[in-house]
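Participant: predicted model and sequence below, questions to follow.
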Amino acid sequence: MIDWKRWFIKDNAAIPLLAILSGLLFGAFVMLLGGFNPIDAYSHLFRNVFGSPYDFGETIRQVTPLIFTGLSVAFAFRAGLFNIGAEGQFVMGMTGASIVGVLLEAPWYIHAPLALAGGALLAGLWGGLAGFLKARWGINEVITTIMLNWMALYLSNYIVRAFLLEPKQQRTYLIHDSAKTSMAWLSELFGSARVHWGIFFALLAAVLCYAFLWKTGQGLELRAVGHNPHAAQYAGMNVKRNVTKAMFIGGVFAGLGGAFEILGVFHYQVIASASPGLGFDGIAVALLGGNHPLGVVLAALLFGSLSYGSAGMSFGADVPPEIIRIIIGSVIFFVASPGIIRWAMGLFARNRKRKEVA
Amino acid sequence: MTYTAVFAIACMIALTGCGQGNSSEGAASPSSQPPSASSESPSSSPSASGQGLKIGMVTDTGGVNDNSFNQSSWEGLQQLSQETGIEVKYLQSKADSDYLPNLNQFAKQNYDLTWGIGYIIADSMKLSAEQNKDARFAIIDNVVEMPNIQSVTFAEHEGSFLVGVVAGLTTQSNKVGFIGGLEIPVIKRFEAGFKAGVAAVNPNATVSVNYTGAFDKPDLGKAAAATLYNDGVDILFHAAGSTGNGAFNEAKDRVKNGQKVWMIGVDKDQSLIFGNEVTLTSMVKRVDEAVKLVSKSVIDGTFQGGTVLSLGLKDNGVGLPADNPNLSQEVLDKVEEYKAKIVSGEIEVPTE
Amino acid sequence: MQQTKVVDMRGITKRFPGITVNDGIDLSLLQGEVHAILGENGAGKSTLMNILFGLYQPDEGEIRIHGKPALIDNPNTAIRLGIGMVHQHFKLVQPFTVAENIILGSEPRRGFSISYREAVRRVEDLSRQYGLNVDPNARIEEISVGMQQRVEILKTLYRGADILVFDEPTAVLTPDEIEELLDIMRSLVRQGKSILLITHKLKEIMEIADRVTVIRRGKVIGNVAKAETNPSQLAEMMVGRSVSMAIDKKPIEPGKPVLQVERLVVKGREGAPAVNGISFTVREGEVVGIAGVDGNGQSELIQALTGLRKAESGEVRLMGADITNAAPRAISETGMGHIPEDRHKHGLVLDFSLRENMALRTYDKKPFKRYGLLDYAAIDKHAQELVEQFDVRCPDIYTQARALSGGNQQKAIIAREIEKGPELLIAAQPTRGLDVGAIEYIHRRIVEQRNKGKGVLLVSYELDEILSLSDRVLIIFDGQIIGETRPEETNDRELGLRMAGSRLDKDAERSHAG
């Protein structure tokens, strides 16, 4: 007979999976309380994600930025840093891409990569700034990144307003076609859903993120700094440089996500009263994904699907889309408190044992 | 949730109730007539032609319970549904990226009309209208030039001119203020009209302007109001969505402490939410009526895509609410006088 | 007189997945005795005590307390039965006072409020009764480690314990503090308490224990009365083979200077100089021991030498090259190996696998790095060789460093530091917390370096270690070298006095000032 308990505790995937299950069950419970039919709701959610090529394409579109921001948070976390700033870095990535996309003109094979690089660089510097402040003066990165999030929002609003604004609109001019990373044929395949190059780059970024952290000397340094900065310093690694570098690279990941939103999805940037929230979702994605690139991709798939599918739930089963936030919230809650899951698994195991004895 | 629902119902009852009561005394005080009362087609005979028709609505990120134009639009659709039996449904947008899929959702389900509520949805609606050439759309507060989109705009500057007149006549300190959300064309129209109205009746009064940069930040609204009131401003007009709720709270606190200050509400008759102690009057935008008007054109088969429906004072698309217990007859007469001048074209209200 | 058994554990067996930690252990504690449990790290001593204290449930076996069968399913039950545990790692709230810590969880109440005056009074009474000399109003963060341990002892007494379990109590103490602790234990026993002492230090056992139970690999190897045994017999029982404590140290004439330190000044944590103008030299083929009481500048000295802390002034030369305030990597590459004082903090990345830890200093050098990527085949081969060569016992090289015993962690560090062939080896507290077998091994490796003509700088608080390994001994006090001697010219008593005598003066000053 399979020893369930041991298998579950051993396997890293067990806790996230059970947390997801618990979250969905909790969501069903809330729906029942609200007088909705959870089975109906979930089937509509599912259908809205996989029901048509268009919806599936839009789900991919929703998943793409979450992979990037999830990687951003996970990468920094591996170096022992809590990057709350993926949100601001994402916004800076959008802004950098808008600047290059609107103001510059060039052939597509130069323009699009340049726009991506612009966004990535700006976001990388934004993240690196928090890293530098931490390395140089020991200022806690949680605090600086939270503040930098706001600064990013207002700075980007200012840049849009002052340099890129289309008259009578509250958004930038459309970016030039040469800077767009939309994929016409793929989009066609998915019923004109806004699928773009970003998804391939996101998957590539996940692979690179893994390779960097676990296959290179620099990655070993970063992880050593993350686990034990004292030992890293003792072993001759430059802790301060690594902290800055980790935040820079984390920023680049988030920035690529933001840049692709502009270049692949919107083709313009709006003056926003609040930041898009995808960077904050990235924290949850990284947490659920165990700060591992593969986990991040899977978690982003889940979050993106739930988030996009919630419209179907609302449309088909009249369940308010807020329910999906409750489900996502409770999934995070259960992931963040594995003790509850272990306790539940322990109860389960003990009951079995008792039954066996009896 | 329950609060807003109660408010929504209260607003609906109040508005419709006033409308009915008003038609009898309309002659006595024309200015207090609800802006839409006369333009409304007779609703006494619920037309059965609405059966089988489906109309969808996509909110902006403010959501359907925003106490403002999303909610007002939805109320309009619900009323129409009761009157004509059409099927109505809304989808909320959580982020900018949701507009397009939400619009497409309705279009692909063959809805007869899909509403986009808010300026910001224009770009997405254009894309959706291109991808779904057979579907029909309508948008509030913006103009999209597509053969299957009906655009609806309001002459906010005209209505704002009238509340400017009220403010100019009522102020004791000769200082009035304006709180805006984002500095975008539609909000600039509020500001420009208000300033012109104040200037028309009280050239000595100054108008202080504060843009908070957000429509969903009551804390910013409260802070902005506090600053302005501290400067000696005694009447504040806001066009800032729920940011303005904070301004109302600040005004309430001050009134409670004996200071005499006023707020002028926006979009709906906000005295119904914040009370007559602080609400001098409101610049009402009849989004609900506009939604009903255009939706009916779908039922009647007279939908005109590619056109712009611009609702001003003339059409009673904007104006003061029915009931203005805080305004003297003198002020109301003055308002009526300027209204006539604007309608006749004698005064052209600036838009920026 | 027939002594009663206050604790009687019979046939205790505890299994964890894949391993039997306790295998049918019998243990009895008599009224008023000190009973030592001796065993190497990982032998199962702590597990046994955790079972007694209710933290684990045994899979088999029974426990009797005062002759009655007891089911101890959690620590509260243990406390109710009069069992108190003094943990190796203290469980104290730093900003609280001594009295507050002691009453935490069983506060004397007056109505709804806690009566602090009552608490202070009772703590004072207990402290006086057992000669603990603890100030109930001092904050934990302000008192020494030895005092903190006494607070832990008081905590158990306050809760009415008459069976006290001490888990490796001397691991964190200075020689003076150890003496004082042993006195306290004697006083406790005199007043009717019974003590279980978990340790792997033979010296303490010979000094205080009445009986000894030796555990090896989860089994009881033997139970002997102290009077009928001797240290080498105990060591052999513990390790399972005969242990030679003598060290093969043939006389060598020291060669050229390897390390030269000139008037070095290093600031401590509070900003005052912790190292205050130290000068000395280490030559080829000699072990220079630095003897001193903890906290006299040893840590700061080593950190400055190895590049972990900035030197204010002075000069450090390694093989003639100036390495003052150089980066740790540069110093290491000039020819220095460093066994750090705190192996968990500095020596290892505990969450890394053994193979990564073995390459922690050299991962960016050939052959481990090729085309910018890590060559894990080379890293594995290197780690495998070191593991075999240095007898690091581990399931495999992919095991997390955290999962290894202290001795094997230390062996891994030594393997890494010696393998690169340093001209100077700095060994700080190289055997702290290790058992006899590991100590013997590490001592041999250190002397081997010297015999190969390398220089060794040894910093230790263990006088025995200093005396048996060093060729020359420098005595450090208050950031300065206050004397030099040779092991053959002194003994631990005299050396201890030279260190402790000064310290007593300092204490006297302090108490006058206070």
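Facilitator: That came through, no problem.
Participant: so, low pLDDT: which residues of chain A?
Facilitator: Low-confidence segments of chain A (pLDDT under 70): A:1-13, A:339, A:345-358.
Participant: residues of it that sit close to chain B?
Facilitator: Selection of chain A residues close to chain B by Cβ under 8 Å from any Cβ of the partner chain yields A:52, A:54-55, A:58, A:61-62, A:154, A:157, A:161, A:168-171, A:192, A:194, A:261, A:265-266, A:268, A:270-274, A:276-278, A:307-308, A:311-312, A:314-315, A:320-321. C-betas here are computed from N, CA, C, even on glycine.
Participant: again, 6 Å this time
Facilitator: When proximity is defined by Cβ under 6 Å from any Cβ of the partner chain, chain A lies next to chain B at A:58, A:168, A:170, A:192, A:273, A:276, A:311, A:315, A:321.
Participant: the third one against A:Ser273, yeah?
Facilitator: Read that as A:Gln170. No. Contact between A:Gln170 and A:Ser273 fails when scored by Cβ atoms under 6 Å: they sit 9.9 Å apart.
Participant: okay, now C:Arg241: neighbour count?
Facilitator: Using other Cβ atoms under 10 Å in any protein chain shown, C:Arg241 has 9 other residues around it.
Participant: just A:Ala211 next, same as before
Facilitator: With other Cβ under 10 Å as criterion, A:Ala211 counts 13.
Participant: let me know whether the strand or helix carrying it sits next to chain C.
Facilitator: Using DSSP states H and E, A:Ala211 sits within helix A:198-215. Yes. On the criterion Cβ under 6 Å from any Cβ, helix A:198-215 is in touch with chain C at A:Lys215.
Participant: counting by contacts, list what that helix packs against.
Facilitator: On a contact count with 3 or more Cβ pairs under 6 Å, 6 or more residues apart in numbering or on different chains; DSSP states H and E, helix A:198-215 meets helix A:53-78, helix A:293-317.
Participant: could you redo these as CSV and give each row mean neighbour count and distance to C:Gly240?
Facilitator: Listed next are the helices and strands packed on helix A:198-215 as CSV, based on neighbours: other Cβ atoms under 10 Å in any protein chain shown; distance: least, Cβ to Cβ, whole Å:
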stretch, mean neighbour count, distance to C:Gly240
helix A:53-78, 28, 42
helix A:293-317, 23, 45
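Participant: now tabulate those in TSV and tack on distance to C:Val224.
Facilitator: Below are the helices and strands packed on helix A:198-215 laid out as TSV (distance: least, Cβ to Cβ, whole Å):
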stretch	distance to C:Val224
helix A:53-78	52
helix A:293-317	55
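Participant: closest one to C:Met147 among those?
Facilitator: Smallest distance to C:Met147 across the helices and strands packed on helix A:198-215 (Cβ to Cβ): 39.0 Å, for helix A:53-78.
Participant: kindly list the main-chain dihedrals of C:Ala291?
Facilitator: With angles defined as degrees, to the nearest 10, C:Ala291 sits at phi -100, psi 140.
Participant: now it: closest residue in space that isn't a chain neighbour?
Facilitator: C:Ile466 (4.8 Å; Cβ to Cβ, 6 or more residues apart in numbering or on different chains).
Participant: name the helix or strand for that neighbour, please.
Facilitator: Per DSSP H and E: C:Ile466 is located in helix C:463-469.
Participant: for A:Phe333, same thing?
Facilitator: Under the assignment here (DSSP H and E), A:Phe333 is part of helix A:322-336.
Participant: what about that helix, distance to the chain center?
Facilitator: 15 Å (Cα atoms, centre = their mean, to the nearest Å).
Participant: do stretch C:464-480 as well
Facilitator: 18 Å.
Participant: and the contacts of that stretch?
Facilitator: Residues from elsewhere that reach stretch C:464-480 (Cβ atoms under 6 Å, 6 or more residues apart in numbering or on different chains): C:247, C:273-276, C:280, C:286-292, C:296-297, C:458, C:460, C:481-485, C:487, C:498, C:502.
Participant: which of the residues you listed are buried, as a ChimeraX select command?
Facilitator: Those of those that count as buried under 16 or more other Cβ atoms under 10 Å in any protein chain shown are selected in ChimeraX with:
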select /C:273,274,275,276,280,286,287,288,289,290,291,292,296,297,458,460,481,483,485,487,498,502
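Participant: so which of the contacts of stretch C:464-480 are in strands?
Facilitator: Per DSSP state E, strands hold the following members of those: C:273-276, C:280, C:287-291, C:458, C:460, C:481-485.
Participant: so how many other residues sit close to the residue of chain B found nearest chain C?
Facilitator: Nearest to chain C, among the residues of chain B, is B:Asp219, at 35.2 Å (Cβ to the nearest Cβ). Counted with other Cβ under 10 Å, the neighbours of B:Asp219 add up to 12.
Participant: so it: helix, strand or coil?
Facilitator: Here B:Asp219 takes the helix state, with states given by DSSP: H, G, I helix; E, B strand; the rest coil.
Participant: who touches stretch A:198-209?
Facilitator: A:60, A:64, A:67-68, A:71, A:75, A:260, A:264, A:293, A:297.
Participant: from the chain's centre, how far out does that stretch sit?
Facilitator: For stretch A:198-209, the distance from its own C-alpha centre to the chain's C-alpha centre is 12 Å (Cα atoms, centre = their mean).
Participant: from A:Ala232, how far out is the residue in chain C that chain A sits nearest to?
Facilitator: Closest contact between chain C and chain A, by Cβ to the nearest Cβ, is at C:Arg329 (2.9 Å). As judged by Cβ to Cβ, to the nearest Å, C:Arg329 and A:Ala232 stand 11 Å apart.
Participant: ditto for B:Asn174
Facilitator: 67 Å.
Participant: could you do C:Glu270 as well?
Facilitator: As defined by Cβ to Cβ, C:Glu270 lies at a distance of 26 Å from A:Ala232.
Participant: those two - which one has more neighbours?
Facilitator: Neighbour count, other Cβ under 10 Å: between C:Glu270 and A:Ala232, A:Ala232 has more, with 26 against 6.
Participant: need the pLDDT of C:Leu497.
Facilitator: For C:Leu497, the model assigns a pLDDT of 76.
Participant: lowest average confidence across helices and strands of chain B, where is it?
Facilitator: The helix or strand of chain B with the poorest confidence is helix B:2-25; it has a mean of 38 (mean pLDDT, DSSP states H and E).
Participant: what's the neighbour count on residue 204?
Facilitator: Defaulting to chain A. A count of nearby residues for A:Leu204, using other Cβ under 10 Å, gives 10.
Participant: should've been chain B
Facilitator: By other Cβ under 10 Å, 10 other residues sit near B:Asn204.
Participant: what residues does chain A have near chain C?
Facilitator: A:215-217, A:220, A:224, A:227-228, A:230-231, A:234-236.
Participant: filter those to the buried ones?
Facilitator: A:216-217, A:220, A:224, A:227-228, A:230-231, A:234-236.
Participant: closest to B:Met146 out of those residues?
Facilitator: When those are compared against B:Met146 (criterion: Cβ to Cβ), the nearest one is A:Thr216, at 52.1 Å.
Participant: for C:Leu196, list each beta-bridge partner.
Facilitator: C:His35, C:Val165 (DSSP bridges).
Participant: gap between it and A:Asn291?
Facilitator: Distance of C:Leu196 to A:Asn291, given as Cβ to Cβ: 43 Å.
Participant: could you do A:Ile332 as well?
Facilitator: Note on A:Ile332: its distance to A:Asn291, by Cβ to Cβ, is 14 Å.
Participant: again, but for C:Arg80
Facilitator: In terms of Cβ to Cβ, C:Arg80 sits 43 Å off from A:Asn291.
Participant: try C:Ala383
Facilitator: Per Cβ to Cβ, C:Ala383 is found 25 Å from A:Asn291.
Participant: and if you look at C:Lys256?
Facilitator: 51 Å.
Participant: likewise A:Ala232?
Facilitator: Going from A:Ala232 to A:Asn291 by Cβ to Cβ gives 18 Å.
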